[in-house]
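[1] No letters, just coordinates:
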């Protein structure tokens, strides 16, 4: 029987989280799906656990590869997928029950829509709620409506997504034909390949979203995405590429560049280099006068002044 959805889950040493993630997939009702897990050279017993689960669940297919990273794993699974649509779920995240059905129905009814996404909840390692994604991004506030979780088009999707990466990979569903036309995930990027892929899809198709919170995103302190220098450098490359390819207004370009400057400032702030953080915060505010940039600038200036006063008092 033809599958509606192929669910793609890369795994690298996530044995601790795999049972919860896979169980959340099996709880999806009224959807014909296959679950493709690509084990990326795990050494923690994940593959053995997956092989046992594959014998138990006929929806599960396990692929293996030497450790090549998440981009290679996702691209390989896309080629093997049998579904009309593809949904992504990272091995340390998990869905709420019945996440898929509404998403499939919207995309079937809107064939020009190549990608849909939902809101999601950030949780810590004890699964305590931190903040939902949409609330984290004030830039997204103008697009939010009280629509009882129904899907709707995201207007000026390319412009918004350049400014605010509001899409979480594990809540995405794409049309397989569209993501293949867009080129899948770019293996030349060292980070942010998911954001790059969503932007390239937004260049060629419509994008839809829902207010529903459909999954929990686990904030692990030692996750791969913690390498901020690589991620920000990749974001700069992606921003330049998309602005060249797409019809992007000067206002959006300024806001996107301000976001990059803000990100560099955050990285230096976390590394304790307040002088450099202040420089980037000032440049971000100059590009796009936003209260968040001003708040960071004032806070850094205050902290730097206190540190210098304390240093003088110790002389």
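    Good, I have the coordinates. Note that the coordinates shown come from a computational prediction; the quantities given were computed from them, not determined experimentally.

[2] Residue 227 and residue 234, how far apart?
    10 Å (Cβ to Cβ, to the nearest Å). Backbone N, C-alpha and C define where each C-beta goes, glycine included.

[3] So which of those two has more stuff around it?
    residue 234 (20 against 13; other Cβ atoms under 10 Å).

[4] Does the more buried one touch residue 188 like I think?
    No. Assessed by Cβ atoms under 8 Å, residue 234 is found out of contact with residue 188, at 9.6 Å.

[5] Find the residue ranges of the stretch 1-150 of the chain scoring beneath the pLDDT cut-off.
    Filtered on pLDDT under 70, the stretch 1-150 of the chain yields the residue ranges 1, 146-147.

[6] what are the ranges of the helices in it?
    With DSSP state H, counting those that start in this stretch as the criterion, the stretch 1-150 of the chain has helices at 18-26, 46-56, 70-80, 99-109, 133-136.

[7] packing partners for the last one?
    Which is helix 133-136. If you count contacts as 3 or more Cβ pairs under 8 Å, 6 or more residues apart in numbering; DSSP states H and E, helix 133-136 packs onto strand 113-123.

[8] okay but residue 196 is in contact with residue 184, surely?
    No. Counting by Cβ under 8 Å, residue 196 does not reach residue 184; the two are 10.3 Å apart.

[9] Who has more neighbours out of those two?
    residue 196 (23 against 17).

[10] contacting residues for the more buried one?
    185, 186, 189, 234, 238, 241, 242 (Cβ atoms under 8 Å, 6 or more residues apart in numbering).

[11] Which residues in the longest helix seen in the chain does the neighbour count mark as buried?
    In the chain, taking DSSP state H as the definition, the longest helix is helix 291-313. Of all the residues in helix 291-313, those buried under the rule 16 or more other Cβ atoms under 10 Å are 292, 293, 296, 297, 300.

[12] Then stretch 155-166?
    Buried-residue list, stretch 155-166, by 16+ other Cβ under 10 Å: 157, 158, 159, 160, 161, 162, 163, 164, 165, 166.

[13] Any figure for the gap between the fifth one and residue 169?
    The reference is to residue 161. 13 Å.

[14] now do the second one
    In this structure, residue 158 and residue 169 are separated by 18 Å, where distance is defined by Cβ to Cβ.

[15] And the fourth one, by the same measure?
    Distance, residue 160 to residue 169, by Cβ to Cβ: 17 Å.

[16] Show the average pLDDT along the longest strand anywhere in the chain.
    Counting by DSSP state E, the longest strand found in the chain is strand 206-218. The pLDDT scores in strand 206-218 average 95.

[17] just checking, what packs against that strand?
    strand 94-95, helix 99-109, strand 113-123, strand 152-153, helix 157-163.

[18] next structured bit after that strand?
    The helix or strand immediately downstream of strand 206-218 is helix 228-245, counting by DSSP states H and E.
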